[in-house]
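Participant: Let's see this in three dimensions:
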Amino acid sequence: MCCLCQQIFEPNHDIVEEEITWPSSPKKVQNEWSCVLCLFSTSSEKCLKKHLQGKKHKTNEENLLAEELARDSSKSSHTVRKKTRMVFLGNLVNLETLGDLLGPVARSIRWCQWKRPDFGWIKLNTDGSIDSENAGIGGLFRDYEGNAICGFVSKATGHDIFLVELWAIWRGLVLALNLHIQVVWVESDSLSVVNTINRQQPYSGKADACLKQIRLLLKKFKKHRVSHSWRETNRAADYLAKMFVERVDVYYGSKEATYRTAVYC
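Facilitator: Presented below is the predicted three-dimensional model:
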């Protein structure tokens, strides 16, 4: 219940850490593996390992590293110029007085809740995570009752959160088709990614390959939808994206999940 307006809300079906119970051996049911950097998918884990040692993957890693080094160098130069301007501004204006004049800014309260899909639809929530040492993606499929069907966790490369969020959606769509899902609703807490996929904002050339793959995959579903969700309603996918896994790509689910998904669709 909201203490301000006394309205009663349905229980939140988002999943937190202690509620997630996956099979002890996901390897027994996983029949598809992916490399998000190369947008590569295979039905053999051995084939994936061979790909990760191959020339194409190594080249993509080197190109991504070169782009990040160039961006970091440009960012450092911009930061120096910005600090110089701030020092100059400080000599002209009393910033504390300016802050007092502006005063506190009141922020409205927004209630956020995960929304169930309609009967026959499967909802896919995805997220990407980057910290100082690792990058990862995760996603969770749920049915119209809010029940978790299956999830995935994959390691990612690089420090471009826009690309990582895109990779999460690509990975989820590949898995959805593998599970014979026909009607899918994709949610991401990255508004820029959602708008880009829906052709509502421009994007850089480095995202072109992944976006083309995503749009091709979406056309294979009978119906699809891509929308934005608030971070507070995307906690389950966020938890999966931050989960540490030893293997590059892990699927969490069961053989029964494939059957249930096919029935609902």
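Participant: In the stretch 1-150 of the chain, what residue spans correspond to helices?
Facilitator: Secondary structure of the stretch 1-150 of the chain, counting by DSSP state H, counting those that start in this stretch: helices at 45-52, 55-92, 95-102.
Participant: where among those is the average confidence lowest?
Facilitator: For those, mean pLDDT drops lowest on helix 95-102, to a mean of 50.
Participant: ok, Val184 - contacts?
Facilitator: Shown in contact with Val184 (C-beta atoms under 8 Å, 6 or more residues apart in numbering): 121-124, 173, 176, 221, 223-225. (Each C-beta comes from the backbone N, C-alpha and C, glycine too.)
Participant: Which secondary structure state does it sit in?
Facilitator: With DSSP: H, G, I helix; E, B strand; the rest coil as the basis, Val184 sits in strand.
Participant: same deal with Glu232?
Facilitator: Assignment for Glu232 (three-state DSSP): helix.
Participant: residues contacting the closest residue to it other than its chain neighbours?
Facilitator: Distances taken as C-beta to C-beta, 6 or more residues apart in numbering place Cys112 nearest to Glu232, at 4.3 Å, with adjacent residues excluded. The contact partners of Cys112, by C-beta under 8 Å, 6+ apart, come to 230, 232-233.
Participant: Which among those residues count as buried?
Facilitator: Thr233 (16 or more other C-beta atoms under 10 Å).
Participant: Could I get the contacts of Cys112 in a markdown table, plus columns for pLDDT and distance to Glu145?
Facilitator: Shown next, in a markdown table, are the contacts of Cys112 (pLDDT from 0 to 100; distance: C-beta to C-beta, whole Å):
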| residue | pLDDT | distance to Glu145 |
| --- | --- | --- |
| Trp230 | 88 | 22 |
| Glu232 | 83 | 21 |
| Thr233 | 82 | 17 |
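Participant: Which residue is the nearest non-sequential neighbour of Gly158?
Facilitator: Leu64 (4.9 Å).
Participant: who's in contact with that neighbour?
Facilitator: So Leu64 contacts 37, 157-158 (C-beta under 8 Å, 6+ apart).
Participant: and the nearest residue in space to Ile161 that is not next to it in sequence, how far is that from Phe221?
Facilitator: Among residues not flanking Ile161 along the chain, Ile130 sits closest, at 5.5 Å (C-beta to C-beta, 6+ apart). Distance of Ile130 to Phe221, computed by C-beta to C-beta, to the nearest Å: 29 Å.
Participant: Could you tell me the per-residue confidence at the residue nearest to Glu232?
Facilitator: Reading off the model, Cys112 has pLDDT 74.
Participant: Then Asn147?
Facilitator: Looking at Asn147, the pLDDT reads 92.
Participant: Contact partners for it?
Facilitator: No contacts exist for Asn147 under C-beta under 8 Å, 6+ apart.
Participant: quick one: it from Pro117, how far?
Facilitator: 11 Å.
Participant: what's the helix or strand for Ala237?
Facilitator: helix 235-241 (DSSP states H and E).
Participant: got the CA coordinates for that helix in CSV?
Facilitator: Extracted in CSV, the C-alpha atoms of helix 235-241 (Å, rounded to 0.1, in the frame of the first residue of the first chain):
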residue,chain,number,x,y,z
ARG,A,235,16.3,-6.1,-10.6
ALA,A,236,16.2,-9.7,-11.6
ALA,A,237,18.0,-9.1,-14.9
ASP,A,238,20.4,-6.8,-13.1
TYR,A,239,21.2,-9.5,-10.6
LEU,A,240,21.9,-12.0,-13.4
ALA,A,241,24.1,-9.5,-15.3
